[in-house]
Structure formats: C-alpha cells, structure tokens
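>>> Structure for the following, please:
(one chain, ligands or ions: 1)
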Amino acid sequence: MGTYVRNYSDDEFSVAGEKPDVEFMDYQNDGSIQDYSLEDAPVVVTVPFPFIDGKPKSVLVGETSADTISIENTSSEPVNLWSVRIFSSNPEDSYVLSMMKPPLNDTDEEAKRNFLGLTSVEDRTLQPGQTLTIWLSCTPKDIGLHTSIVHVDIGDEKIERVAFLLADDNVSQALFSDKPYSRKHTQKKKFECSSFVPGCRPTQQHSQGFKFKLPQFAIPADIRELIQSKQRPDVLSEELNMTNYAKFFSTLLVMEEINLEEEMRSYDMERILMRRRGLEFLSLEVPGLAEKRPSLVHGDFIFVRHAGSDARPYQGFIHKVEADEIFLKFDNQFHLAHRDRNQYDVSFTYNRLNMRRLYKAIHDAELLGPDILFPCRSSSGSVKKGPFKPLNPHINTEQADAVATILGCRGVAPYVIYGPPGTGKTMTLVESILQLYTAKRRANVLICAASNSAADHVLAKLLQASYLIRPSDIFRLNAASRQYEDVDPDFIRFCFFQDMVFKCPPLQALLRYKIVISTYMSSSMLQSEGIRRGHFTHIFLDEAGQASEPEAMVPLSGLCGRDTVVVLAGDPMQLGPVVYCKQAEKDGLGKSYLQRLLFEYEQYSTGDPNYVTKLVRNYRCHPAILELPSELFYGGELIACKEDEVSSIYDSIDLPNKSFPVLFVGIQGCDEREGNNPSWFNRIEASKVVNIIRNLTRGGDVREADIGVITPYRQQVVKIKKALETFEMPDLKVGSVEQFQGQEREIIIISTVRSTVKHNEFDKFFNLGFLSNHRRFNVAITRAKSLLIIVGNPHIITKDRHWDRLLRYCADNGSYQGCPLPPPEETQVSGFRDSQDEPARWGYNQQQESSANYSYKQDPHDSGSEHVNGLPSTENEVEWSEKTLNEEHQPCSSAAEADSPEFMLKQKAEEEEHVEQDGVQPEQCPAKDNKLQDAYAAKYSFPPEWCDVSNIPATGWDD
Ligand SMILES: Nc1ncnc2c1ncn2[C@@H]1O[C@H](COP(=O)(O)OP(=O)(O)OP(=O)(O)O)[C@@H](O)[C@H]1O
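Residues are numbered from 1 along each chain as shown. Prediction:
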C-alpha cells in the first residue's frame, strides 16, 4: 500500500479519532502549502478551485468553470505518473479532466461540441523539475455544491485533491454577500455610570398615558453581589409557595437582568467619534443598529466620556434614530466643549421597562392568593358546566365540554386546555369568547397571547365570526414600539394610534370594549391606564406554554379579580419561554405557568377533569404530516381528523409520491454569515425555496397567502424575503418558528439552512437552532395543513435523530428529491434520547421532568427567534422593546430591549470561539458512529466558514 497524501492534517485526524495510513503534505484550498512529515516530498500537486474568502468559488448554472492541477516533479529523479483520475464527483459526472483548457462560455459552439472531457489521464514520466498541467472543469446543471475527488497516482505516492464549486442561479447570486464575517469583541474597560451629568430628554409625545407609576424595582445590591459572585440564592432551593413566591421569581428575574446587562456591555464602544449635527444634536454611528444590535429607540439614553478618562460620564438622550446613526442631546456644556475630532468611550444601557413590569407582576401576584397561584392547595369552589348551543357547528365533544366548563366557571381555579398542535385549542377559546360575548351581556373578555402574531391570529379567528360581533366591541392593544406597517391593514381599525404610533386608549374608551386582545406584556398598559382588577370577567391566556410564569402574571396579577375566570391554553411540547440566563432558566424561569399548573393538578388532584381538558383530535394536518410528530412527541395518541387526500393542485411541483404530501428536497448549499451579523443564511436554499414557490403558484390555484416559509435564522428570513421581493409576493409570510407558533398554512416550506457539520455540532452542543431543538422541530413540522416541504442538506440534518426520522420517513415513502441521500449507517444523532425514551405518555407530569433535559434556548444567532437580533420589529421583539416616553415610565437605564438576544451574543460568540478553537470536548460531544466522515466534515483543513463536505466518500483510495 502506498503513502497517501491528502489535504488535511495529522492533528485534525487525531482529534477526530481515526487516523488513516497517511503522511501529510498539505495544499490547502486557500492555495497555501503546508508541510507535514514529507518535507522533501518528490512531487507537488496543487489544489484546484481554491476558496475565495473562505468560501467555495461561485459559478453560474450552465457556465463552465475550469482550473488547473499542476503536478510538479521536485525530485532529482524521473518519476512515473501512473494516472490522474476523477475518483468521484457529486453530482455524479459533474467534473471532467482534460489536457487542454476546456472551451469556456465565450468560446464558439463548435469548440464546445468538440471538447472531449476525460475522467482519467494515462501514465507518463515526469522528468526532474517538469510540471504537468491538467485541467479540471465543471458545467453545473443545477444549483448547489459540486465536489470532485481527484486521485493522482505518481511514483510511490497516491495524492488526493478535493475540488469544490458552488453553483448559483440568478436568484442565489443576487443574495451573494462579499462582506466578510468578523466577530469583534475585545475586552472593554468597565464603564462606571453610577454618577453622571444628566442629558436632555426628548419632549413628551404621549399626551395621555399611565395613570399609575411603575416602581423602579432597582436590583438590591446584596442580591446583585450574590449573583455576580456566582452564589446560589437560598430561595431558589426552596419549594415555591405563597410566602416565597415574589422572592423566588424576583431572584430569577435579577439573574436574567444581570445577564442582559452584561450582554449589553458587549456593544460598548471605545475611541469613537461623534459629529455635530446642526445646533442641537451630536450624532453617533452605531454599527449594527439597523439590525437591532444593539436595539436603541427614541427616548433611550447612552453614557459617553472622553476616551480613556475616568471622569463622570455624560448622559445622552436619543432624539432620533436613522439607519446606523443616533442623534443625541447631552448637557449644554458637553455640546459646547465638543469637537468633531474628540474621541469618546460609549456605554449603552437597556430599557428596564419590561423587567419592571415583570417585577411588579410577581409582587402583585401575592394578592391573587392560592386560588390562582396554587389552586390545588386551596379550597376552590366547584365547577358547574354551563349549557350552551354551539355557534361553531364543528366543535367536538371535548371542545364542547371545555366551553361548557368555561361558561360555568366563576372565580375558581384556572382552567387549562392543553393538547398537541392543531387540536383546536384556539378554536375552543374562540368559541368560548363568542359564547360569552353573545350570551353574557356583562362579560368583559381579555385575551392575551405570547406574541403579536399569536394575538393577531386570535383576532383573525374571531373575525371569522364577524357577523356575530360589532367591530366597535373589539380592541387590539399594541405596544407603542410596534411598527404601524407590521399590522395587517384589516386589523388597523381595531387598534388605537396617533400619528401612526400605537397607544393605549383612555380609560373611558377602554371600558367600552367587550373583547380586548393583547400580548402578555402589553396588557400591563391596561392596568396602568386605570382598569381595575375584576373588570375583566374572563382572562384567556393563549399559547400559555410560551410565557414564563412572571410573564403570565402580568395580566393576571394586574387585572384578575375574585370572580375572574382564568383560562389557559397551550402545549408544553411546543416552544417554551425565552430565557437568556441559563441558570435562571434551569431554576424555574424556563417553565411556564401552564406547565406548573398542569403538574400541580396532576400531583394534587389526580388530573381533575374539572380543571384540565386534553384535546387530541387534530383537524389541521393531513394524516401523513401528522404521523411522525404524533409518534415522536405524543405517544401516537393524536387522532387525525383531516381527509387523507392530496390535492391535484400540487401537481405543478411534481410530487414524487402523489399521495404523500411530505416532500424532502435535499440540497447541498453553503451556510454563510456576513458583516458582524452572527446569523446564518444559505443562498442556495433560499433560491430553491423561491423556485418551489414559483412552481406552486404558477397555475394560480395556490395563492401566496396559502404558503408559509419557516426558517430558523433571521438572516435567512431576510434573504428569502429579499428574493421574493423580485417576484412581488408580499402576502407570503416568511418567518421563524416562533412567528409561526399557533399558526397554520396550507403549505409550509422549511429551509433548514445549515450545511456544515461543524456548525451543527456547535448547535447541538449549545442547544442552538431548531436543528437540535425538539420543540422547534415539533412546531415547525406541524404548521402545514396539506403540504409540507423541507429544503435542507440531508447529510447535516441526519445528524439529529428527529430530523433523520423525518428524512427517512420521506425517503421510505418515495418522497425524496435532490442530492444523493446519506446511507442509513451514516445517520448519527445528537444527544437526544431514543424514541423508546420519549415520554410514552406525553402528559404534563412528563413535561415537568423533561424540561431539564430539553431545556430550550433561543438561538442567539437569531434562530429566527422573534426576539432575535436583526429582524426589524417582529412580534415579541417589538413587544419587548416597547419604550415609553411617558415621564412616569421613563426607563431608568434605557437602550435595548429587555429580552433581545443580542445580550447573549457575546457570551455565545465566546463559547463558539472556544469550540472552534478547541474542538468539542469528547465528554460533551455526542458520540459519533462515523468518524471518518466526521473527520472529513468537521476536521477538514478548510476555512471554517464554508460549506458541506460531508458527502464526500470517506475512503479516498480503492486499492
Ligand atoms: N372541531 C373541529 N372541527 C373542524 N376543524 C377544527 C376543529 N377544531 C379545530 N379545527 C381546525 O383545526 C385547525 C387548528 O385549530 P387551532 O388553531 O385552534 O389549534 P391549536 O390547538 O390552537 O393549534 P396550535 O397548538 O398549533 O396552536 C384550525 O384550522 C381549526 O379551524
């Protein structure tokens, strides 16, 4: 057996665990040469198609790209070149060799016709110093990564070279970014802002507003110290009860807040310039501002001082925000002393408004008493069912039972409706609300949802029965920070705004509405405006599994009276609360009130049906779409109620199995990042998605509004939206899993984005991205009613057990298209439990215990999270970023949103860097079953930010 010479290093293999029989002299794909043990190697073979800025070279589909492989005899003896041949290409036969430069696109057609590509070059002798030049060329027929392995058999050496080209089409090429990705986070000097020179506030724009002052809830110094010194406050070890309730949750909130403060620090800037803007302002450029990194709005403030000095900082209020620039007003003296050449250090602060709302909510929650907080330990009254005549003729027995209970309830323990996706939880709430509205004249209903999109969804469902409701009785409350343009024009008439800024109407107007719809956090405005506890006879908390307990307490503690009926609906197996501090999440902030209640009911009242209804009939999804989630997450208990038919209108995309509406489109693209934005995108997948949409809508039978695109990364959302703009499809919703929770579309297309094993390992380890988050996976694949299409790299997603199941599910049903599938034995799986470990019974007690195992973390790189950086004004992010200019609500420390994930970025980026530098540590990294493939993929000596190599045959030589 000869000595193999490949382009990866010894070190890298030893880390990966398998060391082939090789010696190393390495030509990197970036063109550089590295010597390993063969310092005086007799031959030098170059690598074709070197990477450009760490990425494979891009070529347009249909165009020929060619590069040379030079084989040089550097020894003093003649060397026999036995053969040069293409060992394999992917797609098959996509590359050819030739002795002459192949005709390129600008050459004449005849030359192209006469060109003869070879798969191997025959033997010859290379004299000392002689170089043979061979051409490798590729004319891609379709978009995606094109790879080729070339074997050079020379003298005693066997040398392998791997070539990569990324084939673009016009759509993907338009999304190309030449902004290199860089993560800068240098250690900055701590900025002491306890004493400062006050700045000049913007004048108040809100004429009316909060009647009640929201306390500051400053973090107590002793608790801050305790948490910053990494000690665990005693209260967190206690069992939650009425006495320690406020202390328990305020401690968790402090942990979260300190985490957020630290994240905000990462945006501090040193030695920067400001410019005088007119007589009034100084302007500061903030890179990343447009992407909300950091998030700053009018009325926030920053601290500034001369670079390097320890002097008292000046406070500067933001009067205007424009693209990447903020316009500031400081104390007059500061303006007078300013020169445009002065250098400053800048510290950003974040707006504590939402945190203060949460503190208030949990403190006030004690007033609710055990009936709401610990209903099983209290002596709640009995539940009577209220007879009713269904307005919606479709509701089933369990749903009808739930409605009857809600109608019969009066001030007893919270009532919980829970069940898997699409089982009609929201529909049950809507029926209950309509029953109350039509039959109980004195009913005032508040409905809260975890995000703006979920709240809008409830409004849309209510409006389906608009013949029953007077529009003037419904009010959709929006945060001031929600962009006017974000709201569906059909809903605007249910909102209150001035100058296109949303507001809370005055109390008198509020009292006239019979049905108010809000997010959890915005509902605090109702109390601030003067609405009393008990005004609402019914408070419905939809998507309650998504809200942390303090968040759920915002509407309850502020507005719930003795007789108020509280109803929660949700599914603990879908997305949970967003918490950035891992420890706080583990200690209880990551568990929803719904989850705790379900557990309590199970523990203390043996699942009393008076308080809990479980729905299992799914009306949303085609049975084929439902089968897998039912089996994976709900113990097969879900009952499919939708017809088993696939519409012929999907013929336009040529489903390989016409009766199976779950299609996996395998594509090997390239995941990239750009600028200082840590979010991933994959332009090849973006183009594929657009292509599928165009095919679907071509005949006119499928409307844009029937289609939803889900992708975990906000940058991918941006890219797909951008690509769709070209084809004018404004009604097509593209968003994160969070933005789709609670929603449905006839057709859902999922773009999984990731195309590099290495990144995915990181995801799995840090619980990032929906590729390795079972709740995200569950939500993503249960949004489609009649057609689900997944566009992704099968070699990557097969690494996660759930995605692999989906992939095999499609393949087994003859519903896979695209690049060759990874062989089943390649399948490797993250650290998730096997299917037999899944809760056999998916009841709530299981959730209690499984939450630690499946602790859900938002992807700070955006994961398409609603809360995540970059996506302008979406959903919760907007909600959380609410800033008020009202004097009484003036933020005490200002700047970015309380929950925006930019706060996590620094920490996570550091973690990521650590992983990239050190490799995932064996005890942390899930076991692998194909080391050589991983060696290729994760440890190949190519620049880290590139593309997939995972389907290159692992064994290079066939001797
Ligand atoms: N009894 C029923 N008969 C027919 N269709 C129903 C019934 N109940 C619900 N649906 C339909 O099923 C779909 C899903 O309902 P809904 O959104 O209320 O479910 P959900 O449980 O709230 O879902 P998710 O968990 O995703 O939020 C909707 O299209 C709804 O109209």
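
>>> give the contact list for the residue nearest to G814 when sequence neighbours are not counted.
Nearest residue to G814 in three dimensions, chain neighbours excluded: N657, at 4.4 Å (C-beta to C-beta, 6 or more residues apart in numbering). Glycine gets a C-beta too; all of them are placed from N, C-alpha and C. Residues in contact with N657 (C-beta atoms under 8 Å, 6 or more residues apart in numbering) are N813, G814, S815.

>>> and of those, the nearest to K158?
G814 (39.7 Å; C-beta to C-beta).

>>> Is it possible to mark the buried ones in the contacts of N657?
Among the contacts of N657, the ones that count as buried by 16 or more other C-beta atoms under 10 Å are N813, S815.

>>> Now tabulate the contacts of N657 in JSON lines and tack on secondary structure and distance to the ligand.
Formatted as JSON lines, the contacts of N657 follow (DSSP: H, G, I helix; E, B strand; the rest coil; distance: C-beta to the nearest ligand atom, whole Å):
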{"residue": "N813", "secondary structure": "coil", "distance to the ligand": "24"}
{"residue": "G814", "secondary structure": "coil", "distance to the ligand": "28"}
{"residue": "S815", "secondary structure": "coil", "distance to the ligand": "23"}
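
>>> gap between the residue in the stretch 401-550 of the chain positioned nearest to the ligand and A400?
Using C-beta to the nearest ligand atom, the single residue of the stretch 401-550 of the chain nearest to the ligand is G424, 2.8 Å away. For G424, the distance to A400 (C-beta to C-beta, to the nearest Å) stands at 11 Å.

>>> which ones are touching the spatially closest residue to Q546 that is not a sequence neighbour?
The shortest distance from Q546 to any non-neighbouring residue, by C-beta to C-beta, 6+ apart, is to A450 (3.7 Å). Going by C-beta under 8 Å, 6+ apart, A450 touches T519, Y520, D542, E543, A544, Q546, A547, E551, Q741, N876.

>>> now with 6 Å?
A450 makes contact with E543, Q546, A547, according to C-beta atoms under 6 Å, 6 or more residues apart in numbering.

>>> And E122, by the same measure?
By C-beta under 6 Å, 6+ apart, E122 has no neighbours at all.

>>> what does the one 3 residues further on give?
By C-beta under 6 Å, 6+ apart, T125 lies in contact with P78, N80.

>>> Distance of the residue nearest to Q546 relative to Y593?
From A450 to Y593 the distance is 12 Å (C-beta to C-beta).

>>> Doesn't S786 belong to a strand?
Yes: under DSSP: H, G, I helix; E, B strand; the rest coil, S786 sits within a strand.

>>> Number the residues from 7 up from this point.
With the count now opening at 7, the last piece we talked about shows up as S792.

>>> Just the pLDDT for it.
The confidence metric pLDDT takes the value 96 at S792.

>>> Could you pick out the residues of this protein near the ligand for me?
400-402, 405, 425, 427-433, 577, 625-626, 748, 750 (C-beta under 6 Å from any ligand atom).

>>> now what about the helix ranked longest in the chain, what contacts it?
Across the chain, the longest stretch assigned as helix under DSSP state H is helix 251-271. The set of residues external to helix 251-271 that reach it, using C-beta under 6 Å, 6+ apart, is 225, 229, 233, 239, 241, 246, 354, 356, 361, 364-365, 368-369, 372, 556, 586-587, 590, 593-595, 909-910.

>>> ChimeraX command for the buried members of those?
Of those, the buried ones go into a single ChimeraX selection, burial set by 16+ other C-beta under 10 Å:
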select :225,229,233,239,241,246,354,356,361,364,365,368,369,556,586,587,590,593,594,595,909,910
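
>>> Out of the contacts of helix 251-271, list just those in strands.
With strands taken from DSSP state E, the overlap with the contacts of helix 251-271 comprises F354.

>>> so of the contacts of helix 251-271, which ones are in helices?
With helices taken from DSSP H, the overlap with the contacts of helix 251-271 comprises I229, I233, M361, L364, Y365, I368, H369, P556, A590, F909, M910.

>>> Check the last one and give its pLDDT.
This means M910. 34.

>>> for the first one, same thing?
Model confidence at I229, expressed as pLDDT, equals 90.

>>> again with the fourth one
At L364, the predicted lDDT confidence score is 96.

>>> Chain neighbours aside, what residue packs nearest to it?
Nearest residue to L364 in three dimensions, chain neighbours excluded: P556, at 4.3 Å (C-beta to C-beta, 6+ apart).

>>> which residue sits closest to the residue in the stretch 557-706 of the chain that the ligand sits nearest to, ignoring its sequence neighbours?
Closest approach between the stretch 557-706 of the chain and the ligand, counting by C-beta to the nearest ligand atom: Y625, at 3.3 Å. Distances taken as C-beta to C-beta, 6+ apart put C647 closest to Y625, at 4.9 Å, once the chain neighbours are dropped.

>>> Roughly how far does the one you found sit from N402?
8 Å.

>>> Spit out the residues that contact those two alike.
Counting by C-beta under 6 Å, 6+ apart, the residues touching both C647 and N402 are R623.

>>> L413 touches K390, doesn't it?
No: taking contact to mean C-beta atoms under 6 Å, the distance of 9.2 Å between L413 and K390 leaves them out of contact.
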